[in-house]
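Participant: Sharing a sequence plus its predicted fold:
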Amino acid sequence: MPITIDFLDLDTRLDWVSLPVDPADPTKGSARFQLQDIPYAKWQSLMMEVLSSAEQLQKALDALRQSESEQSTKVFGEALSRVLRSNTEVVRWGVANHDEIATGSGVVAFEAESVSFDGVQYKVASAKMLRLYTIIGRDNRGGSTLLAQLSSAIRRHQSGEAQPALEALWTSASSSE
């Protein structure tokens, strides 16, 4: 894909992206999120953790396939938790806002927290927002499809790749089943 950003521009980019709540079920609708640039050094540390956790998960999955012992099941569970934590941290740093997300108790406004990194204060998504994104995107297997979608969208945003259209995400998910 072509790179669409100037990496020498020091201004923080903010882009809106629409994502399916469940890529396999268009009837569940979509949500819009505003993505923000993550400071480069933070981005590098986040990606190191994401890649390391994915590698650990693959090794744990291989071990589980060889022997479905209690120990290999426990190691797999721990590796899966690490992957979810690393992707959640990417979402924490990469989401700057969301459009109206309604729950049973009404519209949930975006909430940010202030965190310090390299002596600079940054606004990141609050723990409440991360719980919300995890819950509204949960699939029947217990995974958080919206959180995974957000993490992927943030990676594309950070690298300057174009975001796929909402319809393409639904089509892609239905063709992979």
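Facilitator: Arrived safely.
Participant: Find the residue closest to the spatially most central residue of the chain in space, skipping its chain neighbours.
Facilitator: Centroid-nearest residue in the chain, with CA atoms, centre = their mean: Ser151, separated by 2.2 Å. Distances taken as CB to CB, 6 or more residues apart in numbering place Asn87 nearest to Ser151, at 4.2 Å, with adjacent residues excluded. (C-beta placed from N, C-alpha, C; glycine too.)
Participant: just to revisit the earlier point, what distance do you get for the residue nearest to the centre of the chain to Trp170?
Facilitator: Ser151 is 18 Å from Trp170, where distance means CB to CB, to the nearest Å.
Participant: ok so, going back, you'd agree the residue nearest to Ser151 is in a helix?
Facilitator: Yes: counting by DSSP: H, G, I helix; E, B strand; the rest coil, one finds Asn87 located in a helix.
Participant: how about Gln36, what does it touch?
Facilitator: Taking CB atoms under 8 Å, 6 or more residues apart in numbering, we find Gln36 in contact with Thr12, Arg13, Leu14, Gly94, Val95, Ala96.
Participant: Could you tell me what pLDDT the model assigned to it?
Facilitator: Looking at Gln36, its pLDDT stands at 96.
Participant: How much space separates it from Val17?
Facilitator: Separation of Gln36 from Val17 (CB to CB) stands at 11 Å.
Participant: Give me the below-cutoff pLDDT ranges for the protein.
Facilitator: Applying pLDDT under 70 to the chain flags residues 1-11, 138-144, 173-177.
Participant: does the residue nearest to Val90 when sequence neighbours are not counted count as helix, strand or coil?
Facilitator: In this structure, Val90 finds its nearest non-sequential neighbour in Ser151, 4.8 Å apart by CB to CB, 6+ apart. Of the three states, Ser151 takes helix under three-state DSSP.
Participant: any idea where the helices of this structure begin and end?
Facilitator: For the chain, helices defined by DSSP state H occupy the ranges 40-66, 70-94, 127-136, 145-159, 166-175.
Participant: who's in contact with the residue nearest to Ser151?
Facilitator: Asn87 makes contacts with Val50, Leu147, Ala148, Ser151, as judged by CB under 8 Å, 6+ apart.
Participant: The second one is in contact with Leu132, isn't it?
Facilitator: No: at 10.3 Å, Leu147 does not count as touching Leu132 under the criterion of CB atoms under 8 Å.
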